[in-house]
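*Asks:* return a 3D structure for these sequence lines:
(one chain, ligands or ions: 1)
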Amino acid sequence: MKTYRIAVVRGDGIGPEVIASALEILDEVRRVGAGFGVELIEAPAGAGTYLECGEALPASTLAACRAADAILLGACGLPDVRYPDGTEIIPQVTLRIELDLYAGIRPAKRLEGVAGALAGDPAIDLVVVRESTEGIFASLGGGIVLGDQLATDTQVITRRGTERVVHSAFRRARRRGRAQPRVTCVDKANILRSFAFFRKVFDEVAAQYPDVAADHLYVDAAAMELVRRPERFDVLVTENLLGDILSDLTAGLIGGLGVAPSADLGERHAVFQPCHGTAPDLAGMGVANPLAAILSVVMMLDHLADTHHDPAPAAAARRIELAVTAALASGEARTADLKGLATTRGATTAILRAIG
Ligand code: ATP
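*Replies:* As a prediction, the model looks like this:
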């Protein structure tokens, strides 16, 4: 039986609340016979940690994350806690850079019992793969403001950065096992050279996956199609900022940030976290939706199963998914953001019961 080392970054705001809930679920699914072990390593980071020890991402936390098989993260940062220069505390972004987590995986799957934003609730089951280390964000802190009259940031698209994220998208499309898997490249190749290059590299990689259909959309058309015909999509791959925007859009389509999990994957490390932030307006009230964090644990288990060729975590993941579906169908896991009455505790208990 394998034992996996999980670094746990609880973070700030509702982060610790939803992570506590997700860990209870992980514990329960193992208790009922999952066939794998888990060693949790507390890895403090975020605004609270900064206030306590003057560092948002202590070296010991980074080391624990490097040594772990996977990292489970709540959410970090608080509006009132900032560095002396006024910038926000975002250790999750530092972690992405330090661990070279280049593929942001943002699935959007409609859950039974959760009303999406679209009339008729189409069967949405897609994944946005967001390049997470370059694009326009590569300019972070490096843009210029000239004479209070002009400002620039520079978009960076490299062959290596594009090839690896596009490969990741095609491998994912294959694994999802649709009758006809498809990867859609989203860009603005008609306007910017950097995007035309992204598309060219995409086409070169696509040729290596003849079993997977490949197509392109300009980002404006993609935004419209995602609203008009979301069921047409399988996997989308795109630049950093475009992926940031489109993945919030797709989260909105399936019921909002409270049900949107995510993964940030590199060659050697992987972070799993809800798409939402610290939601300071809800912190401490016990009403945050824990589903995004719980579904992030599902993604983590699937990743461990894949990378360690171990069917046990994948079986546990399916068990959690079934329990979530059951608890949503009965209405017991529907928190206020899903137009229900459940508290974080109530939703967690309902899922725990369904696992049992
Ligand atoms: P960040 O900049 O850190 O990503 P944000 O400004 O996008 O954060 P979030 O913290 O993600 O904001 O949350 C935006 C709003 O969505 C919150 O104020 C809250 O009302 C709602 N929200 C977010 N997460 C949840 C959740 N898990 N359960 C219920 N509501 C949530």
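
*Asks:* C-alpha from now on. contacts and neighbour counts both.
*Replies:* OK.

*Asks:* which parts of the chain belong to which domain?
*Replies:* 1-102+263-356, 117-253 (automatic domain parsing).

*Asks:* select, out of the ones you listed, the one closest to Lys109.
*Replies:* With C-alpha to C-alpha, the closest approach to Lys109 among those belongs to domain 117-253: 4.2 Å.

*Asks:* distance across the closest one, terminal residue to terminal residue?
*Replies:* 5 Å (C-alpha to C-alpha, to the nearest Å).

*Asks:* wait, what's in contact with Thr49?
*Replies:* By C-alpha atoms under 8 Å, 6 or more residues apart in numbering, Thr49 lies in contact with Glu55, Ala56, Leu57.

*Asks:* sorry, back to before: most packed of the domains of the chain?
*Replies:* Among the domains of the chain, the stretch with the highest mean neighbour count (mean count of other C-alpha atoms under 10 Å) is domain 1-102+263-356, at a mean of 20.

*Asks:* quick one: low-confidence parts of the stretch 201-350 of the chain?
*Replies:* Counting by pLDDT under 70, the stretch 201-350 of the chain has no low-confidence residues at all.

*Asks:* show me the contacts for the residue nearest to Leu26 when sequence neighbours are not counted.
*Replies:* For Leu26, ignoring the flanking residues on the chain, the nearest one in space by C-alpha to C-alpha, 6 or more residues apart in numbering is Val297 at 7.4 Å. By C-alpha under 8 Å, 6+ apart, the contact list for Val297 reads Ala22, Leu26, Leu72, Phe272, Ala317.

*Asks:* which SSE is Val297 in?
*Replies:* helix 291-308 (DSSP states H and E).

*Asks:* now the residue nearest in space to the middle of the chain: closest residue in space that isn't a chain neighbour?
*Replies:* For the chain, Ser262 is the residue whose C-alpha lies nearest the centre (C-alpha atoms, centre = their mean; 1.5 Å). Closest residue in space to Ser262, ignoring its immediate chain neighbours: Arg106 at 4.9 Å, by C-alpha to C-alpha, 6+ apart.

*Asks:* could you dump the domains of the chain to CSV with distance to Arg110?
*Replies:* Formatted as CSV, the domains of the chain follow (distance: least, C-alpha to C-alpha, whole Å):
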stretch, distance to Arg110
domain 1-102+263-356, 11
domain 117-253, 5
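
*Asks:* and those domains: which comes nearest Leu111?
*Replies:* Using C-alpha to C-alpha, the nearest of the domains of the chain to Leu111 is domain 1-102+263-356, at 7.1 Å.

*Asks:* right, is the closest one up against the ligand?
*Replies:* Yes - on the criterion C-alpha under 6 Å from any ligand atom, domain 1-102+263-356 is in touch with the ligand at His276, Gly277, Thr278, Ala279, Asp281, Ala288, Asn289, Pro290, Asp337.

*Asks:* in this structure the third one contacts Pro79, no?
*Replies:* The reference is to Thr278. No - contact criterion C-alpha atoms under 8 Å: Thr278 and Pro79 do not qualify, at 9.4 Å.

*Asks:* okay, and His118 sits in which element?
*Replies:* In this structure residue 118 is Leu, not His. With DSSP H and E as the test, Leu118 turns up in no helix or strand.

*Asks:* separation between it and the ligand?
*Replies:* 19 Å (C-alpha to the nearest ligand atom, to the nearest Å).

*Asks:* now Ala354
*Replies:* Taking C-alpha to the nearest ligand atom, one finds Ala354 at 20 Å from the ligand.

*Asks:* in contact with that residue, which residues?
*Replies:* Ala354 touches Ala323, Val324, Ala326, Ala327, counting by C-alpha under 8 Å, 6+ apart.

*Asks:* surely it is in a helix?
*Replies:* Yes - Ala354 forms part of a helix when assessed by DSSP: H, G, I helix; E, B strand; the rest coil.

*Asks:* which residues of the stretch 51-200 of the chain fall in helices?
*Replies:* Along the stretch 51-200 of the chain, the segments classed as helices by DSSP state H, counting those that start in this stretch run 59-67, 91-98, 159-176, 193-206.

*Asks:* make TSV out of those helices and add distance to Pro311.
*Replies:* Below are the helices of the stretch 51-200 of the chain laid out as TSV (distance: least, C-alpha to C-alpha, whole Å):
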stretch	distance to Pro311
helix 59-67	22
helix 91-98	28
helix 159-176	14
helix 193-206	29
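
*Asks:* lowest-confidence stretch among the ones you listed?
*Replies:* Ranked by mean pLDDT, the helices of the stretch 51-200 of the chain end with helix 91-98 at the bottom, a mean of 93.
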